[in-house]
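**Student:** no sequence on this one, just coordinates:
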């Protein structure tokens, strides 16, 4: 019950989103650091694939952005980072609500008499 | 050890505040005259460096501007030498004002990251609540 595809997939999603949140914080922290290359966290594709096969486990991978750099050598794009930051917060809230929904289902099943 | 989002944004707030301090110091001394026998006031430039593996950013050191500055003919100045010259720092006012805005915007952007990280943690605290 606790190891259902839904719970495991939600856990993987929350882990991936938390990792992305940290990567974005690091990117914005280094917006004025010469030579810094932005980090990109991806897990959605592997998670979707994993859910299709009935597993739900997915590990997030981190890569460096290959975007063209600015004159100071940093390639942090403030607009995309800010948008991605807000997007990640909303996705995280969505995933926590879904996780609560799953847990509430279990709670209801335990209470019924 | 990797920091969390709030910790990472915190390191950046420190770096940008130090940058603001350096720019403020440079601007406030832009008209500080010295005798030609002494060094001119040297502008301070903060060097930012990325910490490895999600540890934010830190100040790697500071670089000092030109000690020679520019020699100005001001015979009435109390520090003027026998030729009537004093030394002023060679600080580019526009460059400093540009840096001031960049440091301020960088500080604001990272303060916003703290807010959004807080929202994420608050969502995590709601897991399993009825």
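**Tutor:** Received, thanks. It should be emphasised that the depicted structure is a prediction, and the values quoted were computed from it without experimental measurement. Residues are numbered from 1 along each chain as shown, chains lettered A, B, ... in the order given.
**Student:** what strand or helix carries residue B:86?
**Tutor:** strand B:85-88 (DSSP states H and E).
**Student:** who does that strand touch, helix- and strand-wise?
**Tutor:** Applying 3 or more CB pairs under 8 Å, 6 or more residues apart in numbering or on different chains; DSSP states H and E, one finds that strand B:85-88 contacts strand B:70-73. C-beta coordinates here come from the backbone N, C-alpha and C atoms, glycine included.
**Student:** pairing partners for the strand it packs on, with directions?
**Tutor:** Paired with strand B:70-73 in the same sheet, following DSSP bridges, are strand B:85-88 (antiparallel).
**Student:** quick one, strands of chain B?
**Tutor:** B:44-50, B:57-64, B:70-73, B:85-88 (DSSP state E).
**Student:** export these to CSV and tack on mean pLDDT and mean neighbour count?
**Tutor:** Output for the strands of chain B, formatted as CSV (pLDDT from 0 to 100; neighbours: other CB atoms under 10 Å in any protein chain shown):
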stretch, mean pLDDT, mean neighbour count
strand B:44-50, 89, 19
strand B:57-64, 90, 14
strand B:70-73, 90, 12
strand B:85-88, 91, 20
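**Student:** rebuild the ones you listed as JSON lines, extending it with distance to residue B:128.
**Tutor:** Shown next, in JSON lines, are the strands of chain B (distance: least, CB to CB, whole Å):
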{"stretch": "strand B:44-50", "distance to residue B:128": "37"}
{"stretch": "strand B:57-64", "distance to residue B:128": "35"}
{"stretch": "strand B:70-73", "distance to residue B:128": "67"}
{"stretch": "strand B:85-88", "distance to residue B:128": "66"}
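**Student:** can you list the residues of chain A near chain B?
**Tutor:** Contacts of chain A with chain B, taken as CB under 8 Å from any CB of the partner chain, map to A:14, A:17-18, A:21-26, A:28-36, A:39, A:78, A:82, A:85-86, A:88-89, A:92-93, A:96-97, A:99-100, A:103-104, A:107.
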